[in-house]
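> sharing a model prediction with you, sequence too.
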Amino acid sequence: MGEYVVSNSRDYYFSEFHVWLEEQGAGLFTLGITEHAQNSLGDIVYVELPSEGQQFAAGESCAVIESVKSASEIVMPINGEVIAINQQLVESPELINQEPFNNGWILRFRSDVTIDAVAAELMTAADYDSFLDQ
């Protein structure tokens with residue numbers, strides 16, 4: 001097991017763009033960036049969040065994270081409609097550095113795409129670790 005494996009039993013999936021998805025059932029998902037991504041970015045100073053109700057296709061940029069090093073677009077791994085954004089990030093973007101899997105989540109969305117339908121395009125935690133080792 002690598003250093004980026006999530007240590008709880010929730011259903012996390014990862015994309016090649018260093019985004020994690022947590023499946024919450026009933027077509028609802030939470031999205032954030034991985035430990036690896038926040039480490040690579042360095043100190044995060046600003047997060048540009050989408051609006052609730054915005055719809056994004058898989059592969060589209062849905063948010064922007066700015067760090068002292070650079071700005072990075074957050075890419076939607078599957079189609080979805082934003083149902084909530086993490087307002088805490090407006091005042092405290094560093095939450096992503098501190099807790100990328102908990103309080104540092106970026107948005108929640110609803111999708112009619114099932115995880116089973118896109119499983120081949122997403123990675124499990126173990127797959128993501130292998131991907132990082134390449």
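Now that the structure is in, tell me what you want to look at. Keep in mind it's a predicted model, so treat the numbers as computed, not measured.
> just give me how far the helix or strand of the chain with the lowest mean pLDDT sits from the chain centre.
Least confident helix or strand, the chain: helix 115-118 with a mean of 81, by mean pLDDT, DSSP states H and E. In this view, helix 115-118 has its centroid 17 Å away from the chain centroid, taken as C-alpha atoms, centre = their mean, to the nearest Å.
> in the host helix or strand of E81, what's buried?
Under the criterion of DSSP states H and E, E81 resides in strand 80-85. Buried residues in strand 80-85, defined by neighbour count with 16 or more other C-beta atoms under 10 Å: 80, 82, 85. No exception for glycine: its C-beta is placed from N, CA and C like everyone else's.
> which helices and strands sit right next to the helix ranked longest in the chain?
Assignment by DSSP state H gives helix 125-133 as the longest helix of the chain. The contact analysis (3 or more C-beta pairs under 8 Å, 6 or more residues apart in numbering; DSSP states H and E) places helix 125-133 against strand 12-14.
> what about the strand it packs on, distance to the chain center?
Distance, centroid of strand 12-14 to centroid of chain: 9 Å (C-alpha atoms, centre = their mean).
> one more: stretch 101-119?
So, by C-alpha atoms, centre = their mean, the centroid of stretch 101-119 is 8 Å from its chain's centroid.
> low-confidence bits of this structure, can you list those?
The chain contains residues with pLDDT under 70 at 1-10.
> where along it do the helices fall?
35-41, 88-91, 95-98, 115-118, 125-133.
> and V47, how far from Q38?
11 Å (C-beta to C-beta, to the nearest Å).
> an error on my part: the question was meant for I74.
12 Å.
> same check, this time on A63
14 Å.
> over to V113?
Applying C-beta to C-beta to V113 and Q38 gives a distance of 26 Å.
> next, count neighbours for the nearest residue to F17 once chain neighbours are set aside.
Nearest-residue entry for F17: V75, 4.2 Å, with adjacent residues in sequence omitted and distances by C-beta to C-beta, 6 or more residues apart in numbering. When neighbours are defined as other C-beta atoms under 10 Å, V75 has 18 of them.
> where's V75 relative to V82, distance?
Distance from V75 to V82, by C-beta to C-beta: 14 Å.
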